[in-house]
Each structure stands twice: as structure tokens, then as C-alpha cells.
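Enquirer: Please find the sequence and the predicted model below.
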Amino acid sequence: MDQQVVGQISNGLLALLGVAAGDSPDDAQYLADKTAKLRVFEDADGKMNEALIDGRGQLLVVSQFTLLGDVRRGRRPSFTGAAHPDLAIALYEEYVQVVRGMGVAVECGQFRAHMQVELVNDGPVTILLDSRKLF
């Protein structure tokens with residue numbers, strides 16, 4: 001197995017990005033804006049009050065269609081809810097470009113590749129963002 005590093009950050013957020021069938025550029029833009037402005041970094045008072053756009057870190061984006069795995073029936077996941085790869089890569093790239101356009105340094109994994117992703121989770125924060133659950 002090739003051990004080439006294709007994306008790496010020192011401090012920031014890891015976004016595992018799943019694109020669902022029916023997602024649109026509006027979904028990508030909503031999630032990009034939410035990710036870049038998510039106040040999950042501590043300020044001088046120790047409160048979660050700063051975001052990537054405040055210069056608090058970088059973003060590593062990894063395509064992750066398996067987030068759309070449906071296991072409500074049976075024991076083997078169904079991935080029929082995931083977008084076709086042509087749509088998924090377009091929206092993945094849209095997401096990345098929007099975040100970069102906000103001044104955030106972004107690194108990416110390799111789309112549709114088997115990757116080994118390492119994460120050092122500094123703190124108890126894992127957040128699910130879903131553009132379909134706006135209200």
C-alpha cells in the first residue's frame with residue numbers, strides 16, 4: 001500500500017464530508033459557511049468562542065460516502081442514499097472552494113481512494129452538521 005501523505009494539517013478541524021443523493025451547491029455552501037464559522041476553539045477566557053475564520057486553525061477535508069450508510073434494515077449498510085460520484089466530487093470541490101474563499105487553509109484527502117486517516121482529537125468535541133436538518 002502506498003504511504004503517500006496527500007493532506008495534512010497541524011491544528012484545526014477534520015471534516016468527514018458525505019454527499020447525499022439530492023444534495024445541491026446550496027448544501028455545500030451552507031456546510032462550508034457553517035464549518036468555517038463554527039465557534040469551537042477556546043478564546044482567552046477558555047470559552048468556545050473562536051472559529052477557523054478567526055485564524056484558529058486549518059481544515060482537513062476527507063470525502064466519506066460511508067456516512068450515508070443506512071443500517072436500519074439488516075446488518076449490511078446500504079449506500080443508496082449517497083450521491084453518484086460525479087455529483088459528489090463536484091459538491092466536495094464546491095465545499096472546499098467556499099471554505100478557502102473565506103481565508104481558511106484547507107488540505108484534502110484523495111476523493112474515492114482508500115485512505116488511512118489519523119486524528120488526534122484534542123478535547124471532547126465532535127459535531128454533526130447536516131444541511132437537511134436546518135430546523
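Expert: Sure thing, it's come through. This one's a predicted model, so the numbers in the text were calculated from it and none came from an experiment.
Enquirer: and the nearest residue to residue 64 once chain neighbours are set aside, what helix or strand is that in?
Expert: Nearest residue to residue 64, sequence neighbours excluded (CB to CB, 6 or more residues apart in numbering): residue 16, at 4.0 Å. Heads up, the C-betas are built off the backbone N, CA and C, glycines and all. Assigned by DSSP states H and E, residue 16 belongs to strand 12-17.
Enquirer: Provide the contact partners of that strand at residue level.
Expert: Strand 12-17 has contacts (CB atoms under 8 Å, 6 or more residues apart in numbering) with 31, 35, 38, 40, 52, 56-64, 67, 92, 95, 105, 117, 119.
Enquirer: and if you look at stretch 83-92?
Expert: Applying CB under 8 Å, 6+ apart, the contact partners of stretch 83-92 are 17, 19-25, 27-28, 61, 63, 65, 82, 111-112.
Enquirer: residues of that stretch that come out buried?
Expert: Within stretch 83-92, the residues that count as buried by 16 or more other CB atoms under 10 Å are 83, 87-88, 90-92.
Enquirer: could you dump it to CSV, C-alpha only?
Expert: Provided in CSV are the C-alpha atoms of stretch 83-92 (Å, rounded to 0.1, in the frame of the first residue of the first chain):
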residue,chain,number,x,y,z
ALA,A,83,-24.7,10.8,-4.2
HIS,A,84,-23.4,9.5,-7.5
PRO,A,85,-19.6,10.1,-7.6
ASP,A,86,-19.9,12.8,-10.4
LEU,A,87,-22.2,14.9,-8.2
ALA,A,88,-20.3,14.1,-5.0
ILE,A,89,-17.0,15.3,-6.3
ALA,A,90,-18.5,18.5,-7.7
LEU,A,91,-20.1,19.3,-4.3
TYR,A,92,-17.0,18.2,-2.4
